[in-house]
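A.B. asks: starting from these lines, generate the structure:
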Amino acid sequence: MRPVIDEHAWSGDGSLTLRGLFAERPSEPLEAVLLRGGSTEEHRVPVRREGERFSLTVAAAALPVFGRPQPLKDGRWELRMRFADRPAASEQDVVTPSLADPRDPQHRFGSKLYRLVTSGDDAPVIAVQAALGFTESGRVQRKLVREYYYPLMLRRKALRDAVVFISFGGRQATDNPLGIAAELRRRGDTREHIWAVSDWSVPVPDGARAVLRSSEAYWEALARSAYLVSNDDMPTGYQKRAGQTYLQTWHGTPLKRIGFDAGALQSVNGARYLDHLAGDIAMWDILLSPNPFSTPILRQAFRYDGEILESGYPRNDVLAASDAGALAATVREQIGLPAGKRAVMYAPTWRDNQFYGAGRYRFDMRLDLERAWQELGDDYVILIRGHHQMADDAPAGRPGFALNVTGYPNVSELFLVSDVLITDYSSMICDFAVTGKPILIYAYDLADYRDNLRGFYLDFEGEVPGPVLTTSDEVIVALGDLDSVAAASRARYDRFAAKFCPLDDGKAGARVCDRLFGGV
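C.D. replies: Below you'll find the model as predicted:
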């Protein structure tokens, strides 16, 4: 028997209340799970039961996400239910409700539109999309804004003393741009801060203004702001105007080959990417370097002859901040990290040849979570973190043991609560090394990655700050004897930190702001 939703109502704050009938196992608790189509992203919502009746409320426009209210991401969110008294639910514990009356108009709350609809089997779905203006609501209209309205703004509108920040194409409001924005605010800077976002659910810093990518407001911000701070290349169509400063922060120490050194990547748009990158590089005014090792590599890999500011990475300033301990306590509470357990961050990078489509790379789960739970479950929690290039397909994990923290906004804050990092070829090795905490290198495909996919700028096996492991069993054994493993790696760890982290003193953002904005 399926639950039947026979009543639904939206409230003024964007909450959707559903009520219905479900007679099966009436004494057992239920919870609802919202699953976003095409991803592993989910949200859990409690269900109230009174005999054969049930009710639940989905705060669709302000759902708590790691302790912060956010609207649901754009997409189709299917509602399922499960009996909530089992730590590892079986298929028999999951039920899909039906919607008795699917008639529901579209509702606007804030900058998004919501509607309750059904899927093919009458399962309820909350459809979410951005509320767009006429010039933004279709491919043709967006092209007109980019190719006609934007150039018109470049010619006719004056620059304003504002800063546009872009992190990973608007998928986040984090990384080096956030470190620079935070330092500006610490200094009392009052100019407007504008963040480009790819979805209205992306949280931006307090006091900043968000603009949706490809919107009229977005192109106006690019046309009229005196400063542009980005950690990746700009979209096709961007033109740097006279008097505008484009700071390229980049987003990682180049351990693996990047830019033109990597050649035509084995990705869906590898060759086109290099052509686009060349045009973007020609507009850079300043490029940040995280350390002396990176400076000559960045110049060579990007064929860039402009100014390089060897500043360290502002994203790492939080790791050396005076309030890092208090922030760590807040983060632990937000992600639901149990007290007294070691937190292991598992964060593999993406593979150029494992993709669903352009910009959507597959999360290749190589850590055996079930075996890890059996061996380590009493003492550890695994934090699963997907790369920003991946397609929202990081596994949900085992409740209470493995937590998917891909959606947590700031990975640097997660470093504060992680007791050990497991990664492969990611530049976060260099960021995490600032903490002095253990790092395990899970390089199951090292030969292929080195010889075929990317290659490295360093003697990878000889220089990385932790043991190079090739199987999940080796990783689990190392976690079980972590203190001994860390002690055995201490000398190489110290050499690595001295080479790659000499500027991570908490003042990188200050050095960047001194150069870019002067005495503000």
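A.B. asks: so what's residue 385 up against?
C.D. replies: Contacts for residue 385 (C-beta atoms under 8 Å, 6 or more residues apart in numbering) come out as 345-347, 394, 405-406, 408, 411, 414. Where C-beta positions appear, they are placed from N, C-alpha and C, glycine not excepted.
A.B. asks: give me the pLDDT for residue 454.
C.D. replies: Residue 454 is assigned a pLDDT of 91 by the prediction.
A.B. asks: from residue 445, how far out is it?
C.D. replies: According to C-beta to C-beta, to the nearest Å, residue 454 stands 11 Å off from residue 445.
A.B. asks: neighbour count for these two, which is higher?
C.D. replies: Just comparing residue 454 and residue 445: by other C-beta atoms under 10 Å the higher neighbour count belongs to residue 454, 22 against 16.
A.B. asks: now the more buried one: closest residue in space that isn't a chain neighbour?
C.D. replies: residue 256 (4.3 Å; C-beta to C-beta, 6 or more residues apart in numbering).
A.B. asks: and if you look at residue 502?
C.D. replies: Of all residues not flanking residue 502 in the chain, residue 291 sits nearest, at 6.1 Å (C-beta to C-beta, 6+ apart).
A.B. asks: tell me which helix or strand the closest residue to residue 105 other than its chain neighbours sits in.
C.D. replies: Excluding the flanking residues, the one nearest residue 105 by C-beta to C-beta, 6+ apart is residue 115, at 7.1 Å. Residue 115 belongs to strand 112-118 when assigned by DSSP states H and E.
A.B. asks: C-alpha coordinates for that strand, CSV please?
C.D. replies: Extracted in CSV, the C-alpha atoms of strand 112-118 (Å, rounded to 0.1, in the frame of the first residue of the first chain):
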residue,chain,number,x,y,z
LYS,A,112,12.4,31.2,-7.5
LEU,A,113,9.3,29.5,-8.9
TYR,A,114,7.9,26.4,-7.2
ARG,A,115,5.2,24.0,-8.3
LEU,A,116,3.9,20.6,-7.0
VAL,A,117,3.6,18.2,-9.9
THR,A,118,3.7,14.4,-10.4
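A.B. asks: elements contacting whichever helix or strand comes after that strand?
C.D. replies: Going down the chain from strand 112-118, the next helix or strand is strand 124-130, by DSSP H and E. Contact here means 3 or more C-beta pairs under 8 Å, 6 or more residues apart in numbering; DSSP states H and E; on that basis strand 124-130 packs against strand 75-83, strand 112-118.
A.B. asks: can you pull out the strands in the stretch 51-200 of the chain?
C.D. replies: Assigned by DSSP state E, counting those that start in this stretch, the strands in the stretch 51-200 of the chain fall at 53-58, 63-65, 68-70, 75-83, 94-95, 98-99, 107-109, 112-118, 124-130, 160-166, 192-197.
A.B. asks: residue 459 and residue 293, how far apart?
C.D. replies: For residue 459, the distance to residue 293 - C-beta to C-beta - is 13 Å.
A.B. asks: more crowded one of these two?
C.D. replies: residue 293 (18 against 8).
A.B. asks: tell me the pLDDT of that one.
C.D. replies: Residue 293 carries a pLDDT value of 98.
A.B. asks: that one reaches residue 498, doesn't it?
C.D. replies: No: judged on C-beta atoms under 8 Å, residue 293 makes no contact with residue 498 at a distance of 10.5 Å.
A.B. asks: what about the residue nearest to residue 105, neighbour count?
C.D. replies: 16.
A.B. asks: need the contact list for it.
C.D. replies: Neighbour list for residue 115: 104-107, 126-127 [criterion: C-beta under 8 Å, 6+ apart].
A.B. asks: that one pairs with what?
C.D. replies: residue 127 (DSSP bridges).
A.B. asks: pull the distance from stretch 324-332 to the chain's centre.
C.D. replies: The chain centroid and the centroid of stretch 324-332 are separated by 19 Å, computed with C-alpha atoms, centre = their mean, to the nearest Å.
A.B. asks: equivalent analysis for stretch 432-449, please.
C.D. replies: On C-alpha atoms, centre = their mean, the centre of stretch 432-449 falls 20 Å from the chain's centre.
A.B. asks: would you mind checking which helix or strand in the chain has the lowest mean pLDDT?
C.D. replies: strand 355-357 (a mean of 73; mean pLDDT, DSSP states H and E).
A.B. asks: next, the buried residues of that strand.
C.D. replies: Buried residues in strand 355-357, counted by 16 or more other C-beta atoms under 10 Å: residue 355.
A.B. asks: what of stretch 429-443?
C.D. replies: Those would be 429-435, 437-443, for stretch 429-443 by 16+ other C-beta under 10 Å.
A.B. asks: same question, stretch 188-200
C.D. replies: 193-200.
A.B. asks: which among the residues you listed gets closest to residue 505?
C.D. replies: residue 193 (24.6 Å; C-beta to C-beta).
A.B. asks: quote the end-to-end distance of stretch 20-36.
C.D. replies: End-to-end distance for stretch 20-36: 22 Å, by C-alpha to C-alpha, to the nearest Å.
A.B. asks: residues making contact with it?
C.D. replies: Here stretch 20-36 has contacts from 1-7, 41-47, 49, 51-56, 58, 72-73, 75-85, 95, 97, 100, 126, 392, using C-beta under 8 Å, 6+ apart.
A.B. asks: put the buried members of those residues into a PyMOL selection.
C.D. replies: The command below creates a PyMOL selection of those among the contacts of stretch 20-36 that count as buried (16+ other C-beta under 10 Å):
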select buried, resi 2+3+5+41+43+45+47+49+54+56+58+72+73+75+77+78+79+80+81+82+83+84+95+97+126+392
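A.B. asks: from residue 175, how far off is the residue most central in space within the chain?
C.D. replies: The centre of the chain sits closest to residue 388, judged by C-alpha atoms, centre = their mean, with a distance of 4.9 Å. Distance, residue 388 to residue 175, by C-beta to C-beta: 9 Å.
A.B. asks: kindly report the same for residue 502.
C.D. replies: 20 Å.
A.B. asks: looking at the two, which one has more neighbours?
C.D. replies: Taking residue 502 and residue 175 together and counting by other C-beta under 10 Å, residue 175 has the greater number of neighbours (26 against 14).
A.B. asks: the more buried one contacts residue 229, doesn't it?
C.D. replies: No: using C-beta under 8 Å, residue 175 makes no contact with residue 229, being 10.3 Å away.
A.B. asks: identify the contacts common to those two.
C.D. replies: Common neighbours of residue 175 and residue 229 (C-beta under 8 Å, 6+ apart) are residue 249.
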